[in-house]
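[1] I'll drop the sequence and a predicted model, then ask my questions.
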Amino acid sequence: MGVSREKAAENRRAIIAAATQLFRERGVEAVGLNELMKHAGFTQGGFYNHFESKAALVAEVLASAMAEGAAELAEGARAPVDESTTALRRYISYYLSPAHRDNIDHGCPVAGFASDAPRLGAGAQSHFAGGLDDQITILAGLIAESGSLAAAGGRRTLREQAISLHCEMVGALVLSRSVAQAAPALSNEILEYVQRHVLASIDERSSQAPNPRKSH
């Protein structure tokens with residue numbers, strides 16, 4: 001008796017989930033098909049019942065992870081905040097935190113797959129680029145909602161501000177993770193100091209923004 005469509009779809013999702021975890025933890029090139037399928041609970045021979053190649057699997061993993069990352073960011077942006085902060089500040093504070101650094105399995109997929117992206121095929125890299133662009137768009141929306149920050153950007157467009165901010169945060173997170181085991185104090189310093197710098201920059205720009213109450 002063959003496997004039902006529902007069971008086949010369930011098995012495929014299990015393989016993608018296992019691949020996502022292992023690729024995030026170890027990198028795409030370091031994970032072989034035998035290890036991957038064993039981790040998913042199957043034999044290596046069953047892999048080609050679901051995917052034409054490892055490259056095809058990598059593309060699906062990237063598509064799924066980037067879509068999930070953008071959705072989570074969008075959901076967080078819609079969550080209510082109290083008067084003491086903004087959605088932008090809340091996002092920055094979490095992104096540059098030890099909790100996010102240590103959550104490699106489910107953290108930001110841009111940081112999680114950034115080191116692999118240059119070596120991926122065009123299909124997988126296009127999914128990475130699309131997800132990155134989605135995050136930039138959402139972040140630009142958070143900047144716009146902060147009002148004074150967007151106004152203080154002067155000639156810099158919202159997209160330019162979002163790209164600059166996102167690159168600074170992703171770089172800090174990647175570097176923090178890269179030394180977390182060997183030099184935990186340095187790892188914490190990277191997160192602490194970059195978070196402090198980014199938030200201070202936001203406060204400084206906000207204080208320099210035109211006060212709408214004084215324009216009348």
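    Noted; the coordinates are in hand. Numbering: from 1, shown residues only.

[2] Contact partners for residue 46?
    Neighbouring residues of residue 46 by Cβ atoms under 8 Å, 6 or more residues apart in numbering: 11, 37. Bear in mind the C-beta positions are built from the backbone N, C-alpha and C, glycine included.

[3] pLDDT at it, what is it?
    According to the prediction, residue 46 has pLDDT 89.

[4] any chance you could map the helices in this structure?
    Using DSSP state H, the helices of the chain run over residues 5-26, 33-40, 54-78, 87-95, 98-102, 109-113, 122-145, 148-152, 158-178, 184-208.

[5] Reformat the ones you listed as a markdown table; add mean pLDDT and mean neighbour count.
    Output for those, formatted as a markdown table (pLDDT from 0 to 100; neighbours: other Cβ atoms under 10 Å):
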| stretch | mean pLDDT | mean neighbour count |
| --- | --- | --- |
| helix 5-26 | 94 | 16 |
| helix 33-40 | 95 | 17 |
| helix 54-78 | 92 | 18 |
| helix 87-95 | 93 | 19 |
| helix 98-102 | 96 | 15 |
| helix 109-113 | 96 | 24 |
| helix 122-145 | 94 | 18 |
| helix 148-152 | 54 | 19 |
| helix 158-178 | 96 | 18 |
| helix 184-208 | 88 | 15 |
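
[6] Could you dump the ones you listed into CSV with distance to residue 47 added?
    CSV is the format used below for those (distance: least, Cβ to Cβ, whole Å):
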stretch, distance to residue 47
helix 5-26, 7
helix 33-40, 5
helix 54-78, 8
helix 87-95, 35
helix 98-102, 30
helix 109-113, 21
helix 122-145, 17
helix 148-152, 48
helix 158-178, 29
helix 184-208, 36
